[in-house]
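>>> attaching a predicted model along with its sequence, questions to come.
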Amino acid sequence: MPKQPSFLARYTLGQPNYLLIALAVAFLIALAPRGAYNALCSNSNNVDGWLPAAQKAIVDLDWFREQFDGDQFVLVSWEGCTLAEAGKLQRVARKLAPEEAPAGPAKAATEMRLFARVATGPDILDQLMAPPYSLPQEAAISRLEGAMIGKAPGGARGGDPATRTTCLAAYLSPWASENEAVRRQAIDRIREVASAEAHIDPASIRMAGPGIDAIAMDDASQSTLLRFGAVAAIAGLAIGTWRLRSFALAALVTAVAVVSAAASLAIVFYFGIVEVLALGRVAPLLGRADALVLAIPAVAYLLSMLASLRLVYNYRDARLNGGAEGAAERAVADGWPQWGVIALLVAAALGTLCVSDLLPARRFGLFAGLGAMASIGLALSLVPVFLHRFPPSERAIALLAGENRRGAPPRWLNDLFEVGTAGRMAMLVVGALALAAAGWGVTKLDASPRLPALASGRSQLMQDYAWFDEHVGNAVPMEVVLTVPIERRREASEPAEADGQQYRLTLQECMALMRDLERRIGALSQVSAVLSPATAMPAAEALAMMFVA
């Protein structure tokens, strides 16, 4: 009775099984480049979408946006942008400023404008110094110091006001705030206009604020993925060649790992398509990339590389013990149970993040788990097929076996193991200390959700924030809304306690309360400046005369 051929050598529907597997995997791989590219294009790091819409913080933010339009803005300045050079800044502002909204059908076009309004430090300063406020220049500058106007050179008060750095605030329109592609267009427009009107190099323009945070993080995360992806591929090829002693085998495991990384990112895009088609959503909720999702290819690359290397070693042992016939199948039989369990454990562990309220954590848990299983599946499919169709020579197997023919660990690893087993108590103490140090370190982590805090100190975003902090003021905003219910307000001629329950405030008293709140918040060491309607009000005596009149 003739010997049954191995599984990969058998025929199904007139074709060998290895060819059918290769065609099926090739079809899936062909979808990976397009899916990975589209996933990269969908990269978005807008903090507004991190929490569910029912969260109180999001409800408050939506309410704030209904009442005001100032939470999405971009601060713009550059080296030498001082009050003495205010003309350049004002020319930039005039170019960016939106036109007046026309009546009729043409009004729809203005709703698609990039900026709602543009304000400059010199313009606000002139308003404070002009009637009806008529503030002295020194008083007006002190109110804007740390927000729109920087401190005097050297940090001292006084000095020549013309030497103080100032900036421009461009407030994005609702259309630009809600659409990331349009927001990017607005940022490009700012850079173009500032370069042309101020005659400066675009690279020297400094921009900060909520309107640019997400875009800067998008660019940084994509460039990091591409840069370190290339480094990982080269390092994998070099280490694989060193350990496997064969460039062809090293290229095989590296190529499988790269394909797995691309496939893990492509899953994000195709999951988004399923969301839109099956759930009827206008845009995918989970099926889009962010900074955390762009870290998933690293996880898939590492798992696939490890699985592929282990399969090659299993194949080596199978060749040494039973010859080339069926060696690829025996290698899979020896390795797939362990790697299958590892893939499921990794997917289950990461899947626990899917219950998080933070959307990036849910995305990472879901797609990292799916990417882990896909990477192991690709390794178990591609490596055996390649080794079956293009089996390494006996010389390559002998080189791979080397002196370590039976797979014994190297001597240095044996020595380390002996040290660990001989001093069990010492190892226990070291492990306990390491665990305690790790626990202490966790308590010291900065869990700030601000996008600038997530960027590297070498990134352009962080350099621009540091520049604003040094020359103008802290560019990270926080909005505080003080509400006085209508039933708790009164005209100056009305009695203060008409209902006999609670004191009611006049407009003058509301402004005095706001000024007091502004002064107390501004005294905090973490706050560089405070702006409110009280900032533009005259001194207390003049304010009282205005309300009496």
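Sure, I can see it.
>>> okay, CA-based contacts and neighbour counts for the rest of this
OK.
>>> roughly how far apart are residue 326 and residue 376?
Distance of residue 326 to residue 376, computed by C-alpha to C-alpha, to the nearest Å: 21 Å.
>>> and the strands in the stretch 101-250 of the chain?
Taking DSSP state E, counting those that start in this stretch, the strands of the stretch 101-250 of the chain run over residues 115-120, 168-172, 205-208.
>>> quick one: contacts of the first one?
Here strand 115-120 makes contact (C-alpha atoms under 8 Å, 6 or more residues apart in numbering) with 69, 89-90, 93, 96-98, 148, 166-174, 176, 186.
>>> same thing but 7 Å
With C-alpha atoms under 7 Å, 6 or more residues apart in numbering as the test, strand 115-120 has contacts from 93, 96-98, 167-173.
>>> restrict that strand to CA atoms and write it as CSV.
The C-alpha coordinates for strand 115-120 follow below in CSV (Å, rounded to 0.1, in the frame of the first residue of the first chain):
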residue,chain,number,x,y,z
PHE,A,115,-12.7,80.8,10.7
ALA,A,116,-15.4,82.2,12.8
ARG,A,117,-13.3,85.2,13.9
VAL,A,118,-9.7,86.3,14.4
ALA,A,119,-8.4,88.4,17.2
THR,A,120,-4.9,89.8,17.8
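>>> please identify which of residue 326 and residue 376 sits among more neighbours.
Comparing residue 326 with residue 376 by other C-alpha atoms under 10 Å, the one with more neighbours is residue 376, at 27 against 18.
>>> which residues are in contact with that one?
Here residue 376 is in contact with 303-304, 307, 339, 343 (C-alpha under 7 Å, 6+ apart).
>>> least confident pick among those residues?
Lowest in pLDDT among the contacts of residue 376 is residue 339, which has 84.
>>> any idea which element it lies in?
Here residue 339 is covered by helix 327-351, with elements defined by DSSP states H and E.
>>> check the offset of that helix from the chain's centre.
Averaged C-alpha coordinates place helix 327-351 at 32 Å from its chain's average position (C-alpha atoms, centre = their mean, to the nearest Å).
>>> and for stretch 203-220?
The answer for stretch 203-220 is 12 Å, by C-alpha atoms, centre = their mean.
>>> do the same with stretch 514-522
So, by C-alpha atoms, centre = their mean, the centroid of stretch 514-522 is 34 Å from its chain's centroid.
>>> buried ones in it, by neighbour count?
514-515, 517-518, 521 (16 or more other C-alpha atoms under 10 Å).
>>> sorry, back to before: I'd like the strands of the stretch 101-250 of the chain as CSV, with distance to residue 438 appended.
Listed next are the strands of the stretch 101-250 of the chain as CSV, based on distance: least, C-alpha to C-alpha, whole Å:
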stretch, distance to residue 438
strand 115-120, 47
strand 168-172, 43
strand 205-208, 34
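>>> tell me which of those strands sits most buried.
strand 168-172 (a mean of 24; mean count of other C-alpha atoms under 10 Å).
>>> now it - C-alpha only, CSV.
C-alpha atoms of strand 168-172 as CSV (Å, rounded to 0.1, in the frame of the first residue of the first chain):
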residue,chain,number,x,y,z
LEU,A,168,-3.0,86.0,17.0
ALA,A,169,-6.0,83.8,18.0
ALA,A,170,-7.9,82.3,15.0
TYR,A,171,-11.2,80.7,16.1
LEU,A,172,-12.3,77.9,13.9
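>>> Provide the secondary structure category for residue 76.
strand (DSSP: H, G, I helix; E, B strand; the rest coil).
>>> burial count for it?
24.
>>> check contacts around it.
167-169, 206-208.
>>> and if you look at residue 82?
So residue 82 contacts 162-166 (C-alpha under 7 Å, 6+ apart).
>>> closest to residue 127 out of those?
residue 166 (15.3 Å; C-alpha to C-alpha).
>>> ok, the nearest residue to that closest one once chain neighbours are set aside - contacts?
Spatially, and ignoring its direct neighbours in sequence, residue 166 is nearest to residue 149 (4.5 Å; C-alpha to C-alpha, 6 or more residues apart in numbering). Contact partners of residue 149, counting by C-alpha under 7 Å, 6+ apart, are 121, 164-167, 472.
>>> go again with 8 Å.
121, 141, 164-167, 472-473.
>>> I am finished for the moment; much appreciated.
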